[in-house]
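Visitor: Fold the stuff below for me.
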Amino acid sequence: MGDYRREYERSRKDPEGFWRDAATMIDWVTPPGRILDDGNAPLYRWFPGAELNTCHNALDRHVEAGRGEQPALVHDSPVTGVLTTYTYRGLRDEVALFAGALRRLGVARGDRVVIYMAMIPETVVAMLACARLGAVHSAVFGGFGAKELAARIDDARPVVVLAASCGVEAGRVVPYLPMLDAALETATHRPHHCVIFQRPQHPGALRPGRDISWAAALDGAEPAECVPVAATDPLYILYTSGTTGKPKGVVRDNGGHAVALRWSMANIFDTRPGDVFWAASDVGWVVGHSYIVYGPLLTGATTILYEGKPVGTPDAGAFWRVAAQHRVTTMFTAPTAIRAIKKEDPSGRLAGLYDLGALRLLFLAGERLDPQTYTWAGDLLGVPVIDNWWQTETGWPIVASPRGIEVLPTKSGSPSLPVPGYRVRVVGPDGTDVEAGEDGTILLELPLPPGCLPTLWGDDDRYVRSYLSAYPGNYLTGDGGRFDEDGYLYVMGRTDDVINVAGHRLSTGAMEEVLAGHPAVAECAVIGVSDPLKGQLPRGFVVLKSGVEADPIGLEEELVAMVRAQIGPVASLRRVDVVGALPKTRSGKILRRTMRGIADGADEPVPSTIEDAGVLDRLRPVLRNHR
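Guide: Residues are numbered from 1 along each chain as shown. Have a look, this model is predicted:
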């Protein structure tokens, strides 16, 4: 660990010098003088006094450096049959023109713009156009429910809302304008304008006096130049669910964000200018913000914008087709996507139909990577599989194997080592560090590195209360885990997924690892349900691989025996149900908290983030049946 250890220790001992050097990878209007402002701790700010423009760093500087004809963005849409490539020069020109259109509609530095669109190039253009003007964008996942969209509009108070007329999924079209109409009827804030991009699959009816078409907005617009902003000015707001029901607006600043993402692309993802990087996510999520839009473009790489699914568009070979066709060098997706492919094509036959010779690395994040998926993907693709762990709040990986610094061994079940810049701790209930091998709560020492949230939108108090007050001087991740003797971190899931069985604290994640090890199981979930005798008891749910038939009673006995053998009888897992599918968010996270609430008899609403509400409806009777 020579190179890694040297970089990590430097980031700990001299964080200001470390990030001053990293900042040289970014173009500045006013270069950083002072690196860290700690005068308002625990609300730290990076690069105070410096000025830059994020859009210039993502587009203009690459054109000026002679990369104008290199592909910047490839839109691959199997659901519409459209394939479009934008060069850096072409994308810069589109963004500058739309920025001019927004400026003509009254959008200026510091104004907010809500983006309610699909996985189409215009969404990326909209985000970068806001950055070009110094405006603050808030991208909301296309198809989000009206109530959730209204809450975000009321919190961000946008001058303009940008919307697509519809989203397109395998076998169906989802109209967006009825949800936008309902949201604006509910919201108290009224934007000055709504700009609608009409998709040919389902053009929508425009509201006179409120809506204008994308084409009309562009008609007669003049290209806008980049507006310098303070490094500490917000670039975007990305909302994540809050325990009070009010969404939390995670703020990302311009300077720290650009520096951190540019550094991460080179040092974690080992991606250089000209490489082809594909994050198979959605621009509505943090992975899409960081590693579809900003990270690759800040680097001068080619980024893939994929409008499709891992299976069903048209089959479980879709990802391999995209990787082969576009000569993807680095791929980033969620473990759930790989599990879905594995379920449909357990032998990986479809991958053999494509030339994946350009692919060097597969990164997986978004949910805990079980050892079986890790091994299956690595064996199939013959490339390193790099787990990494981070959050919407941090914006880039906290723990990973930094491939651009040093090729380190990976360990199944662990996202590897703390990334330089982060100081990761695992503590017990009293806040003191636990020994290697002991489970505890994962904290990050303050200050967080550049790129992480400096606060929540309009609510410093809530930021401190939610993240910084439980363990003063530290950020509470909400996840539990442990370090091993080599310093590798094992993240076992949210701390509320640790259950208490007759006084024994047990990780449902550890039980899931055991269940996932059965050859018939494609994916699984374990939740803790209330029990009058033991406080809580674990219940398991498994989805079988495609084409596998098994006797549910016999399989349950096998799985219970496996958990008993590997974790011990104290686990008390006695029930495992075979189900057709598990309820998930659109980003692929299993809705364990919702499942637990239903099992405990609560009248759980359908979460706004759910991918398919029908899956949850079909599971409710099973969850409520306690035999």
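Visitor: and Thr303, that one's in a strand?
Guide: Yes - counting by DSSP: H, G, I helix; E, B strand; the rest coil, Thr303 falls inside a strand.
Visitor: which residues does it bridge with?
Guide: Assessed by DSSP bridges, Thr303 has beta-bridge partners Leu73, Phe277.
Visitor: how much space between the nearest residue to Ala280 once chain neighbours are set aside and Val322?
Guide: Using Cβ to Cβ, 6 or more residues apart in numbering and skipping the chain neighbours, the partner closest in space to Ala280 is Thr333 (4.0 Å). For the C-beta atoms, the positions are set from N, CA and C on the backbone; glycine is no exception. Between Thr333 and Val322 the distance is 11 Å, computed by Cβ to Cβ, to the nearest Å.
Visitor: Next: Val328.
Guide: Separation of Val328 from Val322 (Cβ to Cβ): 7 Å.
Visitor: what is in contact with those two at once?
Guide: 278, 304 (Cβ atoms under 8 Å, 6 or more residues apart in numbering).
Visitor: neighbour-wise, which of these two wins?
Guide: Val328 (26 against 21; other Cβ atoms under 10 Å).
Visitor: separation between the more buried one and Ala301?
Guide: Val328 is 11 Å from Ala301, where distance means Cβ to Cβ.
Visitor: Please enumerate the shared neighbours of those two.
Guide: In contact with both Val328 and Ala301: 276-277, using Cβ under 8 Å, 6+ apart.
Visitor: Would you mind giving the secondary structure of Ala316?
Guide: Quick answer, by three-state DSSP: Ala316 is coil.
Visitor: What pLDDT does the model give it?
Guide: If you check Ala316, the pLDDT there is 97.
Visitor: you'd agree it is up against Ile338?
Guide: No - assessed by Cβ atoms under 8 Å, Ala316 is found out of contact with Ile338, at 10.4 Å.
Visitor: Give the intersection of the neighbour lists for the two.
Guide: With Cβ under 8 Å, 6+ apart, Ala316 and Ile338 have common neighbours Pro310.
Visitor: Looking at the two, which one has more neighbours?
Guide: Each of Ala316 and Ile338 has its neighbours counted (other Cβ under 10 Å); Ile338 has more, 26 against 23.
Visitor: In contact with Ser414, which residues?
Guide: Ser414 touches 387, 484, 488-491, counting by Cβ under 8 Å, 6+ apart.
Visitor: what's the spacing between Pro379 and Ser572?
Guide: You called it Pro, but residue 379 is Asp. On the measure of Cβ to Cβ, Asp379 and Ser572 end up 34 Å apart.
Visitor: do Thr373 as well
Guide: 26 Å.
Visitor: In terms of neighbours, single out the busier of these two.
Guide: More crowded of Thr373 and Ser572, by other Cβ under 10 Å: Thr373, with 25 against 21.
Visitor: ok, and the helix or strand in the protein with the lowest average confidence?
Guide: None of the helices or strands of the chain scores lower by mean pLDDT, DSSP states H and E than strand 504-507, at a mean of 68.
Visitor: after that one comes which helix or strand?
Guide: helix 508-516 (DSSP states H and E).
Visitor: Mean confidence (pLDDT) on that following helix, please.
Guide: So the average pLDDT for helix 508-516 ends up being 86.
Visitor: what touches both of Thr333 and Val322?
Guide: Common neighbours of Thr333 and Val322 (criterion: Cβ under 8 Å, 6+ apart): Ala280.
Visitor: Would you agree Ala129 falls within a helix?
Guide: Yes - assessed with three-state DSSP, Ala129 lies in a helix.
Visitor: who's in contact with it?
Guide: Taking Cβ under 8 Å, 6+ apart as the test, what Ala129 contacts is 55, 95-96, 98-99, 101-102, 224.
Visitor: Distance-wise, check it relative to Val293.
Guide: 12 Å.
Visitor: Same check on Ser412?
Guide: The separation that Ser412 has from Val293, given Cβ to Cβ, amounts to 31 Å.
Visitor: of those two, who's got more company?
Guide: Val293 (24 against 15).
Visitor: Now do the helices in the stretch 501-627 of the chain.
Guide: 508-516, 552-566, 592-599, 613-624 (DSSP state H, counting those that start in this stretch).
Visitor: Mind putting those into TSV with distance to Tyr475 and mean neighbour count?
Guide: Below are these laid out as TSV (distance: least, Cβ to Cβ, whole Å; neighbours: other Cβ atoms under 10 Å):
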stretch	distance to Tyr475	mean neighbour count
helix 508-516	21	23
helix 552-566	33	15
helix 592-599	21	21
helix 613-624	32	15
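Visitor: Pull the contacting residues for Tyr467.
Guide: The contact partners of Tyr467, by Cβ under 8 Å, 6+ apart, come to 393, 475-476.
Visitor: repeat that with 10 Å
Guide: 42, 248, 393, 444, 446, 448, 453, 455-456, 474-478 (Cβ atoms under 10 Å, 6 or more residues apart in numbering).
Visitor: so it, which of the three states?
Guide: helix.
Visitor: Now do it against Lys248, distance only.
Guide: As judged by Cβ to Cβ, Tyr467 and Lys248 stand 9 Å apart.
Visitor: likewise His257?
Guide: 18 Å.
Visitor: Comparing these two, which residue is more hemmed in?
Guide: Neighbours were tallied for His257 and for Lys248 using other Cβ under 10 Å; the higher tally belongs to His257 (28 against 24).
Visitor: contacting residues around Arg152?
Guide: Taking Cβ under 10 Å, 6+ apart as the criterion, Arg152 is in contact with 114, 116, 138-140, 144, 158, 183, 187, 237-239, 247, 249, 457.
Visitor: my bad, Gly478
Guide: Contact partners of Gly478, counting by Cβ under 10 Å, 6+ apart, are 391, 393, 441-442, 466-467, 470, 493-496.
Visitor: What strand or helix carries the residue lying closest to Phe18 once chain neighbours are set aside?
Guide: Nearest residue to Phe18, sequence neighbours excluded (Cβ to Cβ, 6+ apart): Ser11, at 4.5 Å. Assigned by DSSP H and E, Ser11 falls within helix 2-13.
Visitor: Give me the mean pLDDT for the next helix or strand after that helix.
Guide: As assigned by DSSP H and E, the chain's next helix or strand after helix 2-13 is helix 15-22. For helix 15-22, mean pLDDT rounds to 98.
Visitor: what's in contact with helix 15-22?
Guide: 7-12, 14, 31-36, 46-47, 256, 259-260, 262-264, 266-267, 420-421, 423, 447, 449-451.
Visitor: Packing partners of whichever helix or strand comes after it?
Guide: Using DSSP H and E, the helix or strand that follows helix 15-22 towards the C-terminus is strand 36-37. Packed against strand 36-37 by the contact rule (3 or more Cβ pairs under 10 Å, 6 or more residues apart in numbering; DSSP states H and E) you find helix 15-22, strand 45-46.
Visitor: contacts for strand 36-37?
Guide: Taking Cβ under 10 Å, 6+ apart as the rule, strand 36-37 contacts 15-16, 19-20, 43-49, 232, 256, 447, 450, 454.
Visitor: in its sheet, what does it sit against?
Guide: As assigned by DSSP bridges, strand 36-37 forms pairs with strand 45-46 (antiparallel).
Visitor: any residues in contact with both of Tyr467 and Lys248?
Guide: In contact with both Tyr467 and Lys248: 393, 453, 456, using Cβ under 10 Å, 6+ apart.
Visitor: now those residues as CSV including distance to Pro538 and pLDDT?
Guide: Shown next, in CSV, are the shared contacts of Tyr467 and Lys248 (distance: Cβ to Cβ, whole Å; pLDDT from 0 to 100):
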residue, distance to Pro538, pLDDT
Glu393, 29, 96
Leu453, 33, 98
Leu456, 34, 98
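Visitor: quick one: contacts for the nearest residue to Leu381 once chain neighbours are set aside?
Guide: Excluding its sequence neighbours, the residue lying closest to Leu381 (Cβ to Cβ, 6+ apart) is Leu362, at 6.0 Å. Taking Cβ under 10 Å, 6+ apart, we find Leu362 in contact with 323, 328, 330-333, 338, 374, 377-378, 380-381, 383-387.
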